[in-house]
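Chemist: sequence and computational prediction follow.
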Amino acid sequence: MKKWYEELFTNYVEKYEKESFTQGTMGEVDFIESEIKRDKSCRILDVGCGTGRHAIELAKRGYSVTGVDLSENMLNRAREKAIDTGVQIDFEKADARNLPFEDEFDLVIMLCEGAFPLMETDQMNFQILESAARALKKDGKLIFTTLNGLYPLFHSVKDFINANSNYSTNRENTFDLMTFRDRYQLETEDDNGNKLLLDCDERYYVPSEINWLLKSLGFNQIDIYGCKLGEFTRQDPLTIEDFEMLVIAEY
């Protein structure tokens, strides 16, 4: 049986590319470039690459990029876009919990909840971080975004849901303060107009958890910031008003 995120992205290419959270590519890639000091020799792995928006822009700027995703439909669109753009990118279907790479990349990115933290258990989410860390070279860097647990902690759950739902949902108080999971039903349509009713399950994290998870994987320098669409920067401290956090981890 397909998980909710697999079912959603089976036929969701056109709608996905129109979502507000996919519109900040240029600014996000500008930040990624600054983090690797525009070193064109860097090999980059984009985990949960979707239709390839970050991977393609990075390749256009001269970087060697590999993109992985669980959705063949999304990957097919990414391959088409790469051909249309005239860039060479290796797009592979892979489970983020078990990536087929070891000590290969200078940078791993996981942006806009492309993989982490959508898994149904904390162990599975940790396996994604573990797999990404394994793919990195010993002096590599990991950059990812994830849901900020401080936000729902300091806002009423109802206001939190109404203010941040990108989709039509039939949910009320679904955020569990004991597990930091938001389990809810999502009503949407695929690219063919077929209605979807999905039982979603997303995990929110607080900075101390992220810090501990990454420390356990051997990262020494872990920096966490607020995350604003298309405006990634080290100048924004994480606050209770940030729906997402930007995490940068180095060995």
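Modeler: Sure, I can see it.
Chemist: CA atoms for contacts and neighbours, from now on please.
Modeler: Will do.
Chemist: list the contacts for residue 115?
Modeler: Going by C-alpha atoms under 8 Å, 6 or more residues apart in numbering, residue 115 touches 47-48, 96, 128.
Chemist: how close does it sit to residue 109?
Modeler: 10 Å (C-alpha to C-alpha, to the nearest Å).
Chemist: what sits in contact with each of these two?
Modeler: Common contacts of residue 115 and residue 109 (C-alpha under 8 Å, 6+ apart): residue 47.
Chemist: which of the contacts of residue 115 fall within strands?
Modeler: Secondary structure from DSSP state E places residue 47 of the contacts of residue 115 in strands.
Chemist: redo the contacts of residue 115 as a markdown table? Include neighbour count and distance to residue 34.
Modeler: Formatted as a markdown table, these follow (neighbours: other C-alpha atoms under 10 Å; distance: C-alpha to C-alpha, whole Å):
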| residue | neighbour count | distance to residue 34 |
| --- | --- | --- |
| 47 | 28 | 19 |
| 48 | 26 | 21 |
| 96 | 24 | 25 |
| 128 | 22 | 25 |
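Chemist: from the contacts of residue 115, which two are the most distant?
Modeler: Maximum pairwise distance in the contacts of residue 115, criterion C-alpha to C-alpha, is 10.5 Å, between 48 and 128.
Chemist: joint contacts of those two?
Modeler: The contact sets of residue 48 and residue 128 overlap at 96, 115 (C-alpha under 8 Å, 6+ apart).
Chemist: distance from the chain centre to stretch 229-243, please.
Modeler: From the chain centre to the centre of stretch 229-243 is a distance of 15 Å (C-alpha atoms, centre = their mean, to the nearest Å).
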